[in-house]
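# just a sequence and a predicted model for now, questions to come.
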Amino acid sequence: KDKSKLPVVKSAGDVICCEKVVLQEWSGEPQLCARKTSNVVIVRPVRPRRPGDGDELHDSTSPNDYSASCSCHDSNDETTHNTLHWPLANSLWRWGQRRLSEHPTMSPNCYLSIAEIVGDHHNRQNNNNNNESNHFEVSVSGDLTAAVTAIIPVPEQLRRRDTPRGYIRLWDGTGPSRTDPLPPYAAGGNLNQQPRDDPPEQVLVTIEKILRDISSSPSSGRDADVIQAPIALCGRVINATIWEENLWNLIYRENMVDVGSFVRLRNVNNAKLPTTGTNCISVHIKSSLTPLPFDAYEIKGLLKGHATRIQRGVPPNPTSAILPATRSSSRPDVAVRRGVSPNPTSAILPATSRPDVAAQEMRNSGLSIIEECLQKPAPATFTIQFEVSHTLPACNPTSIDAIKALYTKKKDGTSSFRFALHIKDASSEVDVLCLGRVAEELLGITTQDVISGKSEKCQGALGTLKELMSPGSICEGKIRSILGKDGKLYFILKSMFCITTETV
């Protein structure tokens with residue numbers, strides 16, 4: 001049969017009913033062979049399983065609760081609907097859902113990750129290098145499980161025989177935390193255009209629902225509840241080219257997958273995007289794409305692997321959206337997480353004795369005040385100027401031993417910085433958490449340097465703290481606010497540098 005005339009498998013676990021087929025042997029294995037008079041029927045519940053549905057499976061033998069599509073020659077859909085063995089179809093579907101959840105369905109010999117496809121496992125030192133041509137000296141192919149972060153068509157007027165039908169963008173939590181530029185046709189001719197919020201909020205919400213269902217499932221095991229929904233995602237987002245017309249129509253026109261869907265791609269390989277040469281995944285005519293149930297074995301493994309990377313301190317993808325949370329009616333408690341990136345080119349705003357005038361002057365210059373940060377609904381991004389009054393826990397910047405109070409040891413024996421800076425301006429004040437690599441970049445020192453007693457580096461870190469907390473020192477930082485699931489308001493300060501009053 002022409003593949004386009006066969007009924008569509010819309011998800012792994014769909015029940016396939018074959019009529020008038022012949023059992024034969026191929027390569028020592030049994031094989032069903034269809035003839036011209038054969039019928040193939042695909043059966044699935046009318047209402048698909050979705051994250052948030054919980055562990056309970058559809059259980060009905062009523063034909064009205066099922067959707068059946070067929071490639072029938074001597075019967076219509078209604079006849080097929082009435083002649084199928086619905087109790088058997090229901091039992092097979094339920095068995096398939098449990099099987100997909102509890103057992104791997106991919107050969108370990110064919111498994112691929114985005115990190116392997118783009119060559120990150122060959123050269124980790126070049127993670128931040130945009131020129132990745134050296135990664136494609138060896139072609140790789142295999143099977144990939146990933147979440148869809150975007151679906152991008154190639155405009156009809158730009159399609160040719162040598163152009164893809166469209167693109168999907170994929171994330172699996174592996175690889176360096178970066179997002180590849182949009183494909184050329186999606187960027188309106190603007191090559192290397194960087195997307196915003198990719199992975200998008202919809203992917204984070206889907207992951208949160210999946211983890212909630214997995215943790216509440218009786219069959220999930222004792223350790224399922226340790227995986228918390230991530231506030232942001234780490235890992236790489238990459239383009240995948242879709243070349244086959246029929247597959248693209250299923251994706252784009254028949255909505256077989258949505259943003260946030262997890263899919264299995266079989267027999268894909270690494271390639272380069274037309275025009276830009278950016279690395280990508282090629283989904284060609286011999287590849288296949290199948291949506292997966294949200295609790296599939298491979299998806300649970302993917303999310304567990306991502307949680308492990310977060311625990312190791314892998315930084316989030318800078319373009320990742322933030323997991324939204326319901327704002328409570330009372331004013332939330334406030335904590336801040338921040339990052340640093342020096343930028344010595346800014347200047348201090350003119351001082352004024354009137355706070356309202358000063359605030360307006362800051363707004364006109366693209367700056368905000370802390371009070372606005374606290375009042376504006378999250379998520380939002382601000383640039384503010386402030387003073388640092390002290391650290392929490394307290395640290396005397398004249399004692400090397402005092403720096404040891406700024407880091408904590410983890411259960412696995414590793415250590416990381418964890419302290420707060422209390423910042424203030426004319427409108428309000430707030431505590432800013434400095435964690436992990438963010439604090440290392442700010443202080444110019446690692447926890448290992450402190451543990452090893454490297455005097456020169458410790459003195460440099462103390463000098464930085466002393467400068468930050470000196471009376472009259474002004475700092476400028478770029479902050480992004482988020483509302484955590486615990487009801488607290490957090491600020492992620494993405495960049496920070498010190499401005500001294502002597503430069504005015």
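Cool, got the structure.
# and Arg94, helix, strand or coil?
For Arg94, the assignment made with DSSP: H, G, I helix; E, B strand; the rest coil gives helix.
# flag the shaky bits of this protein, pLDDT-wise.
Residues of the chain meeting the criterion pLDDT under 70: 1-4, 52-56, 71-83, 119-138, 185-195, 217-226, 325-366, 493, 500-504.
# now the helices: where do they sit in it?
Using DSSP state H, the helices of the chain run over 77-83, 86-102, 114-117, 201-216, 245-248, 297-311, 355-364, 370-375, 436-443, 447-451, 455-469.
# and the fifth one, how far out from the chain's middle?
To tie it back to what came earlier, the one meant is helix 245-248. 26 Å (Cα atoms, centre = their mean, to the nearest Å).
# cool, and the longest one?
In terms of Cα atoms, centre = their mean, the centre of helix 86-102 is found 30 Å from the chain centre.
# contacts for that helix?
12-15, 17, 43-45, 49, 57-63, 66, 105, 219, 292-293, 295-297, 300 (Cβ atoms under 8 Å, 6 or more residues apart in numbering). Backbone N, C-alpha and C define where each C-beta goes, glycine included.
# hmm, 10 Å instead?
The contact list for helix 86-102 (Cβ atoms under 10 Å, 6 or more residues apart in numbering) reads 11-17, 41, 43-45, 49, 55, 57-66, 68, 85, 105, 214, 217, 219-220, 292-300.
# likewise for the fifth one?
Under the contact criterion Cβ under 10 Å, 6+ apart, helix 245-248 has outside partners 2-4, 6, 8, 151, 153-154, 159, 164-168, 242, 256, 283-285, 287-289.
# number of nearby residues for the closest residue to Gly175 other than its chain neighbours?
Computed as Cβ to Cβ, 6 or more residues apart in numbering, the closest residue to Gly175 that is not its neighbour in sequence is Arg236, at 3.4 Å. Using other Cβ atoms under 10 Å, the number of residues around Arg236 comes to 23.
# gap between Arg236 and His85?
46 Å (Cβ to Cβ, to the nearest Å).
# next one: Leu211
Taken as Cβ to Cβ, the span from Leu211 to His85 is 36 Å.
# again, but for Ile242
36 Å.
# residue contacts, Val430?
Counted by Cβ under 10 Å, 6+ apart, Val430 has contacts 334-336, 370-371, 373-374, 384, 386, 420-424, 479, 489, 491.
# let me fix that: His85
His85 touches 17, 61, 91-92, counting by Cβ under 10 Å, 6+ apart.
# next, it: phi, psi?
Per-residue torsions, His85: phi -90, psi 90 (degrees, to the nearest 10).
# so what's the residue count around the residue lying closest to Val46 once chain neighbours are set aside?
Closest residue to Val46 apart from its sequence neighbours, by Cβ to Cβ, 6+ apart: Ser67 at 5.2 Å. Per other Cβ under 10 Å, the neighbour tally for Ser67 reads 16.
# what bridges to Ser67?
Counting by DSSP bridges, Ser67 forms beta bridges with Arg44.
# contacting residues around it?
10, 14, 42-48, 77, 81.
# nearest residue to the residue nearest the centre of the chain other than its sequence neighbours?
Centroid-nearest residue in the chain: Leu233, 4.0 Å away (criterion: Cα atoms, centre = their mean). Excluding the flanking residues, the one nearest Leu233 by Cβ to Cβ, 6+ apart is Ser320, at 4.6 Å.
# ditto for Ile482
Ile322 (4.5 Å).
# and the gap between that neighbour and Ala150?
Distance, Ile322 to Ala150, by Cβ to Cβ: 17 Å.
# same deal with Ile451?
For Ile451, the distance to Ala150 - Cβ to Cβ - is 44 Å.
# ok, the two, which is more surrounded?
Ala150 (21 against 12).
# quick one: terminal-to-terminal distance for stretch 215-234?
Taking Cα to Cα, to the nearest Å, the span from the opening residue of stretch 215-234 to its closing residue is 21 Å.
# also stretch 280-294?
End to end - Cα to Cα - stretch 280-294 spans 25 Å.
# with adjacent residues omitted, what lies nearest to Gln448?
For Gln448, the spatially nearest residue (Cβ to Cβ, 6+ apart) is Ser415, at 7.8 Å.
# residue contacts, that neighbour?
404, 407-409, 446-448, 450-451.
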